[in-house]
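K.L.:
3D model of this:
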Amino acid sequence: MSIIKNLETLNKYYFFLFFFLIILLSRALFLTYSLSTYPWFYEWQHLEYFIQLKNDDYSFIFSHSLRNQFQIFTKLTYLILFYISDYLWLSKIWTIIIQIIPAITLAFVITILFYKEIKSSWFLIILIIFSIFPSSLSNFYHISESHFYFQILIISLAFYSFDRFVGLKKILIISILSICSIFNMAAVSVIFFLTFSVFYFIKFIFEKKNKNIVYCTLILLGTIFYYLISYYLQISSIYETSNITESSILRSLYLIFKGFFHQNNILLGLFLLITMALYFFKHETKFFEKYKNNSFFLLFIIFSFLTILSISIGKVQIYDRYKDFFQIFGLLSLFLFINLSMNKYAKNLLLIIISLIISYNSLFFLDKFRNVRFETKKYDKSIDDAIVKYKNNNIIIKQEHLNHKARRFPLLIMSAVDNKLF
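P.N.:
Residues are numbered from 1 along each chain as shown. The predicted structure follows:
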């Protein structure tokens, strides 16, 4: 209990710093012991960026492709770190550095939701374990996927600004963050904008104020206009995905269920159902009265609904790279859990379920971490040997010289060596 008392004495900034350092140091440690010295797997596909930078060509910053969206903040990160690194491609070090972004985001969301709310050491342990283990392995091991990190940070800051500020200041900050979102992930921005429209529609239903339906309509029209302009300009992440119809209705329904009961969001659907059941059947209004004006929480709940629906309609599965969004939704589940008005037996049962899910997630990551650590040793050795023979004996690097993770990239490896990027 002394740990909790010490935690409660911290002001909000030290509380944030406490979680930020734990998350950042844990992620840095995992990457230090498991990530390859060389670009890992499909990171090689970004070689052209660094060759362009060496030739003072910055055109790639505003390029757009289906797989990586605009990704402008990741590209600016490449530019800055490449110059700081004296024109060397230090992929491992950069991937460790970029973990600052998810560490900030997770610590920020945890601070907003849980500052002064943690009452037990066991819950604190659960919260720490859940936050230090990366959710998406694709994003974690590939700096090229860090646009997901930036997107979640942008969304978190926007929802906080909406909750914290008023008037022109609110409009200005959210407008700037909306522009950042568009140039980071164009398609996800549609969901981001729709979240505010749905928020005002829900407010109109409960408050019956005409201004809310006006705001809802204006934002919805703006979102439709943005979508149509993006489609007309053939922004690939919107234009090329608009025709995805592989997922059947039954498959979409399955993905909706799976999305709300996914282990990375700690069964968000279950906690939402329990919360609504307590409200309608037991007339438990304490939670709603306390948090009905918590726009930060409500916006994230709406965003979670829209994200899961979007994935379910437009995709055939929940891809690994989306799981960082689900980790934020998991924090919403934990927030609902600590605010549920239930008897101790029901709450202890839920605590056991949460503990089992987080334990499973942690063991799953540690197993993958162990596998990647062994794999990278063989991966690095094969590339080291191939590069030495290529530089010293002019032996062309071929697929059979490389570890299976690198066999797609012999030409890119030779090009990186020729351009002195290592």
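
K.L.:
now the closest residue to residue 181 other than its chain neighbours: how far from residue 226?
P.N.:
Leaving aside its sequence neighbours, residue 181 sits nearest to residue 189 (C-beta to C-beta, 6 or more residues apart in numbering; 4.5 Å). All C-beta spots, glycine's among them, are computed from the backbone N, C-alpha and C. From residue 189 across to residue 226, the span is 7 Å (C-beta to C-beta, to the nearest Å).

K.L.:
do residue 353 as well
P.N.:
According to C-beta to C-beta, residue 353 and residue 226 sit 40 Å apart.

K.L.:
So between these two, which is more surrounded?
P.N.:
residue 226 (18 against 14; other C-beta atoms under 10 Å).

K.L.:
Tell me the buried residues in the one helix or strand residue 172 maps to?
P.N.:
Element membership for residue 172, per DSSP states H and E: helix 167-182. Within helix 167-182, the residues that count as buried by 16 or more other C-beta atoms under 10 Å are 173-174, 177-178, 180-182.

K.L.:
Show me what that helix packs onto, helices and strands only.
P.N.:
In terms of contacts (3 or more C-beta pairs under 8 Å, 6 or more residues apart in numbering; DSSP states H and E), helix 167-182 is packed against helix 147-164, helix 186-207.

K.L.:
Could you give the average pLDDT over the first one?
P.N.:
Read it as helix 147-164. Mean per-residue pLDDT for helix 147-164: 97.

K.L.:
Give me the angle between the helix or strand where residue 329 lies and helix 186-207.
P.N.:
Here residue 329 sits within helix 323-339, counting by DSSP H and E. Between the axes of helix 323-339 and helix 186-207, defined by axes from the mean of the first three to the mean of the last three C-alpha atoms, to 10 degrees, the angle is 30 degrees.

K.L.:
so the next helix or strand along the chain from helix 323-339 versus helix 323-339, what angle?
P.N.:
Note on helix 323-339: by DSSP H and E, the next helix or strand toward the C-terminus is helix 344-393. Between the axes of helix 344-393 and helix 323-339, defined by the same axes, to 10 degrees, the angle is 160 degrees.

K.L.:
Renumber starting at 754 from here on
P.N.:
In the new count, where the first residue is 754, that last one comes out as helix 1097-1146.

K.L.:
Mind giving me the packing neighbours of helix 1097-1146?
P.N.:
helix 765-787, helix 874-885, helix 890-894, helix 1076-1092, helix 1163-1171.

K.L.:
do you know which of the ones you listed lies nearest residue 1131?
P.N.:
Closest approach to residue 1131 among the helices and strands packed on helix 1097-1146 (C-beta to C-beta): helix 765-787, 13.0 Å.

K.L.:
Pull the closest one out as CSV, backbone CA atoms only.
P.N.:
Written as CSV, here are the backbone C-alpha positions of helix 765-787 (Å, rounded to 0.1, in the frame of the first residue of the first chain):
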residue,chain,number,x,y,z
LYS,A,765,0.5,14.8,-12.6
TYR,A,766,3.9,15.6,-14.4
TYR,A,767,5.9,13.2,-12.3
PHE,A,768,3.1,10.5,-12.6
PHE,A,769,3.5,10.9,-16.4
LEU,A,770,7.3,10.7,-16.2
PHE,A,771,7.1,7.6,-14.0
PHE,A,772,5.2,5.6,-16.7
PHE,A,773,7.0,7.3,-19.6
LEU,A,774,10.4,6.1,-18.3
ILE,A,775,9.2,2.6,-17.5
ILE,A,776,7.7,2.1,-20.9
LEU,A,777,10.6,3.7,-22.9
LEU,A,778,13.3,1.8,-21.0
SER,A,779,11.5,-1.5,-21.3
ARG,A,780,11.0,-1.1,-25.0
ALA,A,781,14.6,0.0,-25.5
LEU,A,782,15.9,-3.0,-23.6
PHE,A,783,13.8,-5.4,-25.7
LEU,A,784,15.0,-3.9,-28.9
THR,A,785,18.7,-3.8,-27.8
TYR,A,786,18.6,-7.5,-27.2
SER,A,787,16.5,-8.7,-30.1
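
K.L.:
got a list of contacts for the lowest-mean-pLDDT helix or strand in the chain?
P.N.:
Using mean pLDDT, DSSP states H and E, the weakest-scoring helix or strand in the chain turns out to be helix 989-992, at a mean of 73. Here helix 989-992 makes contact (C-beta atoms under 8 Å, 6 or more residues apart in numbering) with 817-819, 822-823, 938-940, 943, 980, 983-984, 986.

K.L.:
Could you tell me which of those residues count as buried?
P.N.:
Buried among the contacts of helix 989-992 by 16+ other C-beta under 10 Å: 817, 822-823, 938-940, 943, 980, 983.

K.L.:
Can you give me the distance of residue 868 to residue 803?
P.N.:
Look at residue 868 and residue 803: by C-beta to C-beta, they are 41 Å apart.

K.L.:
more crowded one of these two?
P.N.:
Between residue 868 and residue 803, counted using other C-beta under 10 Å, the more crowded position is residue 803 (20 against 15).

K.L.:
Stretch 1103-1117: how far from the chain's middle?
P.N.:
On the basis of C-alpha atoms, centre = their mean, to the nearest Å, stretch 1103-1117 sits 20 Å off its chain's mean C-alpha point.

K.L.:
now swap in stretch 889-902 and tell me
P.N.:
On C-alpha atoms, centre = their mean, the centre of stretch 889-902 falls 8 Å from that of its chain.

K.L.:
check which helix or strand covers residue 1031.
P.N.:
Assigned by DSSP H and E, residue 1031 falls within helix 1021-1034.

K.L.:
Need the buried ones among the contacts of helix 989-992 in TSV (columns: distance to residue 770 and pLDDT).
P.N.:
As requested, those are exported to TSV (distance: C-beta to C-beta, whole Å; pLDDT from 0 to 100):
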residue	distance to residue 770	pLDDT
817	37	74
822	31	73
823	32	84
938	28	92
939	34	89
940	34	88
943	34	95
980	40	92
983	39	86
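
K.L.:
Tell me the one among those nearest to residue 960.
P.N.:
residue 943 (26.0 Å).

K.L.:
quick one: contacts for the closest one?
P.N.:
Applying C-beta under 8 Å, 6+ apart, we find residue 943 in contact with 976, 979-980, 991.

K.L.:
can you check residue 903 too?
P.N.:
826-827, 854, 937.

K.L.:
quick one: which of the residues you listed sit in helices?
P.N.:
826-827, 854 (DSSP state H).

K.L.:
What about the residues you listed, which one has the most neighbours?
P.N.:
Counting neighbours by other C-beta under 10 Å, the top entry in the ones in helices among the contacts of residue 903 is residue 827, with 24 neighbours.
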